[in-house]
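sharing a model that was predicted from the sequence below.
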Amino acid sequence: MTQKQSQAIALVNARLIDPASGYDGPGSLIIAEGLIAEVLHTAHLPSGSADMKVIDCDGNVVCPGLIDLRVKTGEPGAEPKETLKSASRAAAAGGVTSMVVQPDTDPVIDEPAMVDFILRRARDIELVHVYPAGAATKGHNGKQMAEIGLMSESGAVYFTDVEHPIVNSKVLARVLSYANGFNALIAHRPKEPWLSDGAVATSGEMAARMGLSGVSALSERIALERDLALVELTGARLLVDQITTAGSVKAIKQAKARGLDVYASASINHLVFNEIDIGDYRTFYRLDPPLRSEDDRSALVDALADGVIDVVVSNHTPLPAEDKRRPFSEAEPGAIGLQTLLPALIGLHHDREIPLIDLLRTVTSNPAALIGLDAGRLAVGAPADLILVDIDAPFSLRERDILSKSKNSPFENRTLQGKVELTLVDGRIVYQSA
């Protein structure tokens, strides 16, 4: 992707966390030619080690860089919201070394030329790894299957219609069947379109009190059951895109028990916030799917701890002020999250005592395995995509600290814990905290 770091680097006196191998303990790493050259389970290098740049990690965590499977940008077509460069800068600051950009751009990424455009732009930027997802249907119209095979050959890592559920079951079955022919991954939102139409919140006391149009949490379960039935029919690989309810957790667990090739993602927002957070009509919490009840949020966190949820995503959705500073029902849904994905996960570790290695698995080795990346692990010969993070360091996210072009973060002015000190991509330092 980029020019390699010329001088070897040694990260010493670290706490190495490698979800792929299960190791969590003291260690050091040697990086050369963009790759991990040596992994030592000792705090310091042997005497007589070759000349290299030595970075003392002071006991802080060194782990694989995060892989975020769901990132939106405005490029091409809506660059004032976000560019690939601004998103890459935010990613590096947040410890995200690989991100998958969604295909709902203008034009839509539904043909090989658009896949190639994204890959070429990322190479020109030379910050983090950027991979495109391809559209499942032409123009996200839900009618005509896109050129999945050709896009896969060009470098698309999975296929999705993003926020647009494929309503026609025959079309979705065809997409799944075709993708299954070459083991491609399909991601699909479980969203019942008619029940969800016009809804801006989850049905219940909170939405009723605020006078907001609500949708039952059951609408997600209804759509999910259909999708799971089609996976059973076709034998395809399916990533269920952002489950948010206890009912969906139960359905995913049962599907896995039946041997279906099904994986589930959850947005960090739905693991941290609940429907109470939309009080006072705070539009930075206007999301799609909408925030759910505390019972649903708690069920998601339990599912994360139990391994039912395979992947956590930022669902980074940049929106300018004119799209968010409106009455709640008129505001566009979405929030940025590249810089807050890791500290929010670390917060779950501190608050719920979930082992950090298990949380990191959902943003490193699991997503790497799903889309076939060699990253996400601390092993000799693996790409030196790494982060150094002080998991106990508190900080408050201010607007001036946000590197995305859009500033719509629900974490703004909240105290977070877990500060990225250093980010390396292919052995190059692409971010270092002040």
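Nice, thanks for sending it over. Numbers count the residues shown, from 1 in each chain.

wait, a strand at A10?
Yes - assignment of A10 by DSSP: H, G, I helix; E, B strand; the rest coil places it within a strand.

got the contact list for it?
S28, L29, I30, I31, L45, S49, M52, K53, V54, I55 (C-beta atoms under 8 Å, 6 or more residues apart in numbering). All C-beta spots, glycine's among them, are computed from the backbone N, C-alpha and C.

in the host helix or strand of the fourth one, what's buried?
So the one you mean is I31. Element membership of I31, judged by DSSP states H and E, is strand 23-32. Buried residues in strand 23-32, defined by neighbour count with 16 or more other C-beta atoms under 10 Å: D24, G27, S28, L29, I30, I31, A32.

before we move on, what SS does E153 have?
Judged by three-state DSSP, the three-state class of E153 is helix.

how close does the closest residue to it other than its chain neighbours get to E147?
Distance criterion C-beta to C-beta, 6 or more residues apart in numbering; nearest residue to E153, sequence neighbours excluded, is P112 at 7.3 Å. In this structure, P112 and E147 are 7 Å apart, going by C-beta to C-beta, to the nearest Å.

ok so, going back, want to throw the contacts of A10 into JSON lines with pLDDT and distance to S196?
Shown next, in JSON lines, are the contacts of A10 (pLDDT from 0 to 100; distance: C-beta to C-beta, whole Å):
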{"residue": "S28", "pLDDT": "97", "distance to S196": "51"}
{"residue": "L29", "pLDDT": "97", "distance to S196": "46"}
{"residue": "I30", "pLDDT": "96", "distance to S196": "51"}
{"residue": "I31", "pLDDT": "97", "distance to S196": "47"}
{"residue": "L45", "pLDDT": "86", "distance to S196": "56"}
{"residue": "S49", "pLDDT": "65", "distance to S196": "59"}
{"residue": "M52", "pLDDT": "88", "distance to S196": "55"}
{"residue": "K53", "pLDDT": "92", "distance to S196": "53"}
{"residue": "V54", "pLDDT": "94", "distance to S196": "54"}
{"residue": "I55", "pLDDT": "95", "distance to S196": "49"}
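
so which of those residues is the closest to P64?
Lowest distance from P64 to the contacts of A10 (C-beta to C-beta) belongs to L29, with 10.8 Å.

next up, the contacts around the residue nearest to the closest one when sequence neighbours are not counted.
Using C-beta to C-beta, 6+ apart and skipping the chain neighbours, the partner closest in space to L29 is L11 (4.6 Å). Remark: with contacts taken as C-beta under 8 Å, 6+ apart, L11 is in contact with S28, L29, I31, I55, C57, V62, L386, L388.

do that again at 7 Å, thanks
S28, L29, I55, C57, V62, L388 (C-beta atoms under 7 Å, 6 or more residues apart in numbering).

could you do S396 as well?
The neighbours of S396, taking C-beta under 7 Å, 6+ apart as the test, are N413, R414, T415.

kind regards, and thank you for your time.
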